[in-house]
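Participant: Predicted model, plus sequence, below.
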Amino acid sequence: MKALCFDRFGGPEVLEYRDLPDPVPAPGQAIVRTAAIGLNFADVYRRRGEYHLAGSPPYVPGYEAAGVVESVEPGEGDLPRFSPGDRVGLADSPFANAEKVRVPLDRLIPLPDDIDFETVAGLLLQGLTAQYLTRDSHPLRPGETAVVHAAAGGVGLLLVQIAKLLGARVYGLTSSEEKRAAALAAGADGVFLYRQDWLGSLREATGGRGADVAYDSVGTTLPESFAAVRTGGHVVFYGMAGGKPAPVDPAMLMDSSKSLTGGDLWNVLNGWEERVRRAGELFQWVRSGQLQVRISARFPLAEGAEAHAFLESRGSIGKVLLLP
């Protein structure tokens, strides 16, 4: 099979598209022929050597894809049942940047017939992330005010939409006028540019009160996120696209009664039933038109290096896909 892989850490140039042996399923696993693959910043971090990687080179990045079951090796115990030809998605199984991927049966998500592969690959990992941020990390209540960093990114656009359908007032942060327009089109009540005095604009928009919660995926903006939320407010930190944040002073948390929560999707997807339930809610939102997946660009898997460079350029608005 063909796969995107790398033998050393570095920039997009370390990625190679080459032949690797076809994966062989062990008991309790299936082989999925991918039809669309989601590219995420986590893949970039692993390529750079900033995230943990198991095994040895060649490393195959990627955790998110949609496709068709090619073969199944049943296992023991109460495992979900799949058959060749089943349409499936995956959000948290490694080595997905390939024509074929070996996936544990309990990490496969069955797909409804009315949701296409590209939508699934553009939705699952980032949609499940936006979902747990608003359902678990800080369960949004109607009438609350939320700040969304990187509001025109893959997670950001979905987070804006989910926060709105849950009844929140949403203010987004972006780096350009084009991205500002995209976040507004997704339903944000207001969008501010990072290069401007966005804290002042937010205070004015909230009558000086501040937001109830800030969802921060940038990292280096964590001090500003704390400044953006009200006394007793909440900051949810779930990414470091801009670099690692400075340490947080516990005395500041005490004095302001503010709280900080870390978020990671892998701690939420703790069973097959949970994956299916959460994905089912996303599919229903898509089906009803309440949630739309914006595809920023599609690259052949063979051009994975170019796709990584495009994602890192911060020029993308929405999701970047790799197509085998």
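Facilitator: It's in. Everything quoted here is computed from the prediction, not taken from an experiment. Residues are numbered from 1 along each chain as shown.

Participant: mind listing the helices for the chain?
Facilitator: For the chain, applying DSSP state H gives helices covering 41-48, 117-132, 154-165, 177-185, 198-205, 222-228, 250-256, 272-287, 304-312.

Participant: Give the rounded mean pLDDT of the fourth one.
Facilitator: Regarding helix 177-185, the rounded mean pLDDT is 97.

Participant: by contact count, what packs against that helix?
Facilitator: helix 154-165, strand 169-174, strand 190-193 (3 or more Cβ pairs under 8 Å, 6 or more residues apart in numbering; DSSP states H and E). C-betas here are computed from N, CA, C, even on glycine.

Participant: do the same with the third one
Facilitator: Contact analysis of helix 154-165 by 3+ Cβ pairs under 8 Å, 6+ apart lists helix 117-132, strand 145-148, strand 169-174, helix 177-185 as its packing neighbours.

Participant: Same question for the last one.
Facilitator: Counting contacts by 3+ Cβ pairs under 8 Å, 6+ apart, the secondary-structure elements packed against helix 304-312 are strand 29-39, helix 41-48, strand 295-300, strand 319-323.

Participant: which residues sit against it?
Facilitator: If you take Cβ atoms under 8 Å, 6 or more residues apart in numbering as the criterion, helix 304-312 is touched by 4, 11-13, 15, 17, 39, 41, 43-44, 47, 97, 297, 299, 316, 320, 322.

Participant: And the average pLDDT for it is what?
Facilitator: On average, helix 304-312 scores 95.

Participant: And that helix, what's buried?
Facilitator: Residues G304, A305, A307, H308, A309, F310, L311, E312 are the ones in helix 304-312 that count as buried (16 or more other Cβ atoms under 10 Å).

Participant: For the last one, give its distance to Y45.
Facilitator: In other words, E312. 11 Å (Cβ to Cβ, to the nearest Å).

Participant: what's the answer for the second one, then?
Facilitator: Computed with Cβ to Cβ, the distance linking A305 and Y45 is 16 Å.

Participant: residues contacting the residue nearest the centre of the chain?
Facilitator: By Cα atoms, centre = their mean, the chain has its centre lying nearest to Q126, at 2.6 Å. The contact partners of Q126, by Cβ under 8 Å, 6+ apart, come to G38, N40, G154, V155, L158, K319.

Participant: As a markdown table, those residues with distance to W272, pLDDT and neighbour count would be great.
Facilitator: Formatted as a markdown table, the contacts of Q126 follow (distance: Cβ to Cβ, whole Å; pLDDT from 0 to 100; neighbours: other Cβ atoms under 10 Å):
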| residue | distance to W272 | pLDDT | neighbour count |
| --- | --- | --- | --- |
| G38 | 20 | 98 | 28 |
| N40 | 22 | 92 | 22 |
| G154 | 25 | 91 | 29 |
| V155 | 23 | 95 | 26 |
| L158 | 23 | 97 | 30 |
| K319 | 25 | 94 | 29 |
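
Participant: ok, so of those residues, who is nearest W266?
Facilitator: Comparing the contacts of Q126 against W266 with Cβ to Cβ places N40 closest, at 12.8 Å.

Participant: what sits against the closest one?
Facilitator: Y63, E64, L125, Q126, G154.

Participant: what's the distance between it and P61?
Facilitator: For N40 relative to P61 (Cβ to Cβ), the value is 9 Å.

Participant: for the buried residues of helix 304-312, which one is nearest D249?
Facilitator: Checking the buried residues of helix 304-312 against D249 with Cβ to Cβ, the nearest one is E312 at 31.3 Å.

Participant: what is the rounded mean pLDDT of stretch 247-259?
Facilitator: Taken as a whole, stretch 247-259 has a mean pLDDT of 96.

Participant: Next: stretch 220-237.
Facilitator: 97.

Participant: now do the same end-to-end measure for it.
Facilitator: By Cα to Cα, to the nearest Å, the extent of stretch 220-237 from end to end equals 10 Å.

Participant: just how off-centre is it within its chain?
Facilitator: Centroid separation for stretch 220-237 versus its chain: 21 Å, with Cα atoms, centre = their mean, to the nearest Å.

Participant: which residues touch that stretch?
Facilitator: When contacts are defined by Cβ under 8 Å, 6+ apart, stretch 220-237 is touched by residues 133, 137-138, 147, 149, 173, 194, 198-199, 202, 206, 209-216, 219, 240, 242-246, 248, 252, 256-263.

Participant: Using PyMOL, define a selection of the buried residues within those.
Facilitator: Here is the PyMOL command that selects the buried residues among the contacts of stretch 220-237 (16+ other Cβ under 10 Å):
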select buried, resi 133+137+138+147+149+173+198+202+206+210+211+212+213+214+215+216+219+240+242+245+258+260+263
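
Participant: So which of the contacts of stretch 220-237 belong to strands?
Facilitator: V147, L173, A211, D212, V213, A214, Y215, D216, S259, L260, T261, G262 (DSSP state E).
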